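In: After the sequence you'll find the predicted model.
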Amino acid sequence: MEGDKRRGVSVREVLSYPALQLRLLAGRAGLDRSVSWAHASELEDPTPWLLGAEIIMTTGRALPRSAAGQRAYLERLDDAGVAALAVSVQLHMPPLRQAFFDTAEERGMPVLEVPLAVPFIVVAQEVAAAVQEDSRHRLGAQLQVFGALRWLAAENLDTATLFRRLEHLSGYDIRLCTTQGRPLLAGVPVPEPSLVPQSADAPPTIPGGFVLPVPSPGGTAGFLIALERDGARPAGLAVVQHVATVAALQLAVIRTERETLRREGTEILAEMLQGTLEQEAAERRLLRHSIEGTTELTVVRGVTEQALLRALDDEPFLLLNRGEDRYLLGAPRLADTVAAMPGVAAGTSRPLPCGASLRIAQREARWAASQAAASGRPLVRYGNDPAGRWLPDDPAALDALVEQVLGEVLRYDAAHDAHLLLSVRTWMERDRRTDDAAAALHIHPNTLAYRLRRFSALTGRDLTATGAFTEVWMAIRSAVELGLLD
């Protein structure tokens, strides 16, 4: 760990105490590291029981004899945030290797020699007395951070203001992020990527501050990074732990509010799809969800609800699940975000005013989603397809067109599992390129040619004629809209 600029008792001050008679053996660059405690340990790896900023004292029993072992021992202590290592070379200390001293210099890890005449308990008492005054300041900061809960209730502070107050009280710059390094709470900046740990079990001490997990019911929601501010008086790890607790509570409050709004939004969208909500009332309720201006209805397939919620993050929208379809109402830009999701097939309606009836829009969006799924495209916009706009809105009219043109083929396919309609649809969607369509269907081109002839015979329509081709194409689109084709 590199030397830092923490306030309070430093290694340099402890080294200067006349009663201790300490001598610096290596690691001068780390003399400004802060010290919170002094503790004797003869364990080869005491780091699981450390919090950071300790002076570890040893008679040498724990120190390996090999150069590689001594280097690894010192690196473990430094990675855990130990302030300094104090050794009594006159007792059980093995010969200190050059690699040991080189590591101390490279890392700025102070190594102190304790005279045989000075018991370790004396070092511990001196350090404890020196940090006592600083502890009073830290206790006061802890009590004030507890007051943050009162601020939340009494003053209704926004997140950014709350954490600015906590920064002032704690003496740290506060950073928050998800486990992937993304923003965790709006208004609180994210840390540098290099500061984000790989695991919630990582040591809490980092150069110049601390990193702590922010808990949530589903596991670790993210991390809080506290970095000491120049000119401030950092209040220590206990205060940072309290700040992390406040972050967890604030996150829980925000998530509860979001879930309440999401459920309310689901009810609004269901009413709009059923046509039971007047436009003026719908517009008022959408405004409560920060939805205004031009909107689009999108039908999303191929992704889970949780994946969709993560992708949309803080965007305003309404979401409703119907079977495998997810109905999404919001600004037109949402469709582009959805289209970037892996495995998605989505279709959007034409743009419509906020609160307008969704009767036609849901037909458009469902049809476009079916086209996206059939063609392998992530997104189809209804307005970009010239054929779909000519379909009638009346389901009875669509059903009549399907029966008149495709009825015999549908019954033949059901009786013989012949896939004639699928073959013709695939051939049409690939602009009548027989080889491409046959490859998509995993059949030989001659087999596809046979199916096309059989289709023409059953329907009485020559697919080489423009009029017949158009009629069949519109009938297939109608069948998709009615749910007769996947």
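Out: Received it, and whenever you're ready, just let me know what you need. Small disclaimer: the values here were computed from a predicted structure and weren't measured. Numbering: from 1, shown residues only.
In: CA only for contacts and neighbour counts going forward, please
Out: Will do.
In: Roughly how far does residue 270 sit from residue 264?
Out: 10 Å (C-alpha to C-alpha, to the nearest Å).
In: Between these two, which has more neighbouring residues?
Out: residue 270 (18 against 15; other C-alpha atoms under 10 Å).
In: A helix includes that one, no?
Out: Yes: counting by DSSP: H, G, I helix; E, B strand; the rest coil, residue 270 falls inside a helix.
In: Surely it touches residue 319?
Out: No: assessed by C-alpha atoms under 8 Å, residue 270 is found out of contact with residue 319, at 9.1 Å.
In: where does the stretch 51-200 of the chain have low pLDDT?
Out: 132-156 (pLDDT under 70).
In: so where do the helices sit in it?
Out: All helices of the stretch 51-200 of the chain, identified by DSSP state H, counting those that start in this stretch, fall at 67-79, 98-107, 120-146, 148-155, 159-170.
In: Just the endpoints, please. Distance across stretch 337-347?
Out: End-to-end distance (C-alpha to C-alpha), stretch 337-347: 13 Å.
In: Now find how far off-centre that stretch is within its chain.
Out: Centre-to-centre, stretch 337-347 and its host chain are 18 Å apart (C-alpha atoms, centre = their mean, to the nearest Å).
In: With adjacent residues omitted, what lies nearest to residue 170?
Out: Distances taken as C-alpha to C-alpha, 6 or more residues apart in numbering put residue 235 closest to residue 170, at 5.3 Å, once the chain neighbours are dropped.
In: What of residue 319?
Out: Closest residue to residue 319 apart from its sequence neighbours, by C-alpha to C-alpha, 6+ apart: residue 328 at 4.8 Å.
In: need the next SSE after the helix or strand that contains that neighbour, C-terminal direction.
Out: Applying DSSP states H and E as the criterion places residue 328 in strand 325-330. Next along the chain after strand 325-330, taking DSSP H and E as the criterion, comes helix 333-339.
In: The next helix or strand after that following helix pairs with which strands, parallel or anti?
Out: Scanning forward in sequence from helix 333-339 by DSSP H and E, the next helix or strand is strand 345-348. Taking DSSP bridges as the criterion, strand 345-348 sits next to strand 294-301 (antiparallel), strand 379-381 (parallel) in its sheet.
In: I'd like to check which residues are in contact with the residue nearest to residue 319.
Out: Residue 328 makes contacts with 297-300, 317-320, as judged by C-alpha atoms under 8 Å, 6 or more residues apart in numbering.
In: quick one: which of the residues you listed is nearest to residue 290?
Out: Closest approach between the contacts of residue 328 and residue 290, by C-alpha to C-alpha: residue 317, at 8.1 Å.
In: Could you give the number of residues near that closest one?
Out: Here the count is done by other C-alpha under 10 Å, and residue 317 has 21 residues near it.
In: What residue spans form the domains of this structure?
Out: 11-131, 147-255, 275-385, 395-481 (automatic domain parsing).
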